[in-house]
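A.B. asks: Next input, structure requested:
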Amino acid sequence: VLSALCPERYSEYLFQFLVVFRLFLAGASFSLFAFRFRTGRFATLLAALLYALGGTAMAVAYWPASAWPLVLFPLLLLGVEKILAKERPYLFIASVAAFFIISYYFSYMACLFLIPYCTARVLLTQGRRGIVRFLAWTGRFLGYAGIGILIACFALVPSVIGLLGIE
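C.D. replies: Residues are numbered from 1 along each chain as shown. Down below sits the predicted model:
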């Protein structure tokens, strides 16, 4: 959309700006996640810079689409924290939907990282109150993730059909 509005001679500058802007968004989303744990400003700034400008993030210079998971994953974790605090799950649902709209590969990888994080956080924040309570939290997370996946179906279904070669 932006390339349609930008004159052709400035398109390279727009592309470079958007790459840097995505890295800024990655640092900003990490900062939101860090502030959830009442981390100090200076520590959060340093951690956000390390997160946004680390070696993995520098792959963004070669493949700019890889920046979106860097932006979305801290928001996904922040959504988990909001659910555990019994706040509204909208951020978690929106993050899951955005992940699945962007790429099913990044979604799959985020889910692999999300499973141990959710397990650890449920055990740490809710205490060891039994398997039934743990399964209730698991069901809650799966339900909210299912809603996010259903929202993303308009982009996910054609991708899966193309991947599987179904006509």
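
A.B. asks: For the lowest-mean-pLDDT helix or strand in the chain, give me every contacting residue.
C.D. replies: Least confident helix or strand of the chain, by mean pLDDT, DSSP states H and E, is helix 2-5 with a mean of 82. Contact with helix 2-5 is made by Ser11, Leu14, Leu18, as judged by Cβ atoms under 8 Å, 6 or more residues apart in numbering. Every C-beta, even on glycine, is put in place using the N, C-alpha and C of the backbone.

A.B. asks: Show me those residues that map onto helices.
C.D. replies: Among these, the ones falling in helices (DSSP state H) are Ser11, Leu14, Leu18.

A.B. asks: in this protein, which spans are helices?
C.D. replies: Using DSSP H, the helices of the chain run over 2-5, 11-36, 41-53, 67-84, 90-102, 104-126, 131-151, 153-164.

A.B. asks: contacts for the fifth one?
C.D. replies: Spelled out, that is helix 90-102. By Cβ under 8 Å, 6+ apart, the surrounding residues in contact with helix 90-102 are 65, 68-69, 72, 75-76, 78-80, 82-83, 106-107, 110, 141, 144-145, 147-149, 151-152, 155-156.

A.B. asks: Please repeat the previous calculation with a cut-off of 7 Å.
C.D. replies: 68, 72, 75-76, 78-80, 82-83, 106-107, 110, 144-145, 147-149, 151-152, 155-156 (Cβ atoms under 7 Å, 6 or more residues apart in numbering).

A.B. asks: Weed out the non-buried ones from those residues.
C.D. replies: 68, 72, 75-76, 78-80, 82-83, 106-107, 110, 144-145, 147-149, 151-152, 156 (16 or more other Cβ atoms under 10 Å).

A.B. asks: could the helices of the chain be laid out in JSON lines, adding distance to Ala59?
C.D. replies: JSON lines is the format used below for the helices of the chain (distance: least, Cβ to Cβ, whole Å):
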{"stretch": "helix 2-5", "distance to Ala59": "22"}
{"stretch": "helix 11-36", "distance to Ala59": "11"}
{"stretch": "helix 41-53", "distance to Ala59": "12"}
{"stretch": "helix 67-84", "distance to Ala59": "9"}
{"stretch": "helix 90-102", "distance to Ala59": "16"}
{"stretch": "helix 104-126", "distance to Ala59": "13"}
{"stretch": "helix 131-151", "distance to Ala59": "25"}
{"stretch": "helix 153-164", "distance to Ala59": "22"}
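
A.B. asks: now for those, which one comes closest to Val60?
C.D. replies: helix 67-84 (4.4 Å; Cβ to Cβ).

A.B. asks: what's the average pLDDT for the closest one?
C.D. replies: Averaged across helix 67-84, the pLDDT comes to 94.

A.B. asks: All set now, cheers.
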